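Asks: Coordinates only, no sequence provided:
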C-alpha cells in the first residue's frame, strides 16, 4: 500500500463539467483498481492524493500522463502506508468553501478535511517554492 500526492496544471479551457467527468469516471474505475483518494482543483492546479497498491498507482500515473486536460505532473510525495487514510473515497472532489487568496488558506482547509499531515506538508513545500 502506498500514498501518492501530485500536482499538475489544468489546461486554460478546463470547465466545471470536465472536473465532474473526471470525478465520475474515477469513481467508477477506482474500486476495481483498488484506488482511493481525492481531487482538488484550485487556481488552475490539480492536487490529487491517491492510495493503492504500487502497480495500481503506477498504471494510473501512466494514464494521467496521457490526459489532455492537464500537463506538468509533479509528484510531491510517494510513501508506504500501513492502511488507507480514506477507504471510502473512491474519488472525492474536495470543494473549497472559499477562494484561496493565500497558500496558508489552502493548507488550513486541507488540514480541516483530515488529509494526512505528510501529504499536507508536501503541498505546503510545493506552494512555498512556487511563490518564490
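Replies: Great, that's in hand. Fair warning: this is a prediction, and the values are worked out from it, not measured in the lab. Numbering: from 1, shown residues only.
Asks: any idea how far residue 110 is from residue 92?
Replies: Residue 92 is 13 Å from residue 110, where distance means CB to CB, to the nearest Å. Just so you know, the C-beta spots here come from the backbone N, C-alpha and C atoms, and that holds for glycine as well.
Asks: what about these two, which has more around it?
Replies: Set side by side, residue 92 and residue 110 show more neighbours around residue 110, with 22 against 18, by other CB atoms under 10 Å.
Asks: Closest to the mean position in this protein, which residue would that be?
Replies: Residue closest to the average C-alpha location in the chain (CA atoms, centre = their mean): residue 48, at 0.6 Å.
Asks: And what about the nearest residue to it once chain neighbours are set aside, helix, strand or coil?
Replies: With CB to CB, 6 or more residues apart in numbering as the criterion, residue 48 has its nearest non-adjacent residue at 4.9 Å, and that residue is residue 39. Assigned by DSSP: H, G, I helix; E, B strand; the rest coil, the conformation of residue 39 is strand.
Asks: Just give the number of residues close to residue 39.
Replies: By other CB under 10 Å, the residues close to residue 39 number 18.
Asks: What are the neighbouring residues in contact with it?
Replies: Applying CB atoms under 8 Å, 6 or more residues apart in numbering to residue 39 gives the contacts 19, 22-23, 26, 46-48, 91-94.
Asks: Over to residue 52?
Replies: Per CB under 8 Å, 6+ apart, neighbours of residue 52: 1-2, 33-36, 60.
Asks: Mind doing that once more with 7 Å?
Replies: Residue 52 makes contact with 2, 33-36 under the criterion CB atoms under 7 Å, 6 or more residues apart in numbering.
Asks: Could you list the low-pLDDT ranges of the protein?
Replies: Applying pLDDT under 70 to the chain flags the ranges 95-102, 131-132.
Asks: longest single strand anywhere in it?
Replies: Of all the elements of type strand in the chain, the one with the most residues (DSSP state E) is strand 70-80.
Asks: Which strands and helices lie in contact with that one?
Replies: With contacts taken as 3 or more CB pairs under 7 Å, 6 or more residues apart in numbering; DSSP states H and E, strand 70-80 sits against strand 2-10, helix 117-131.
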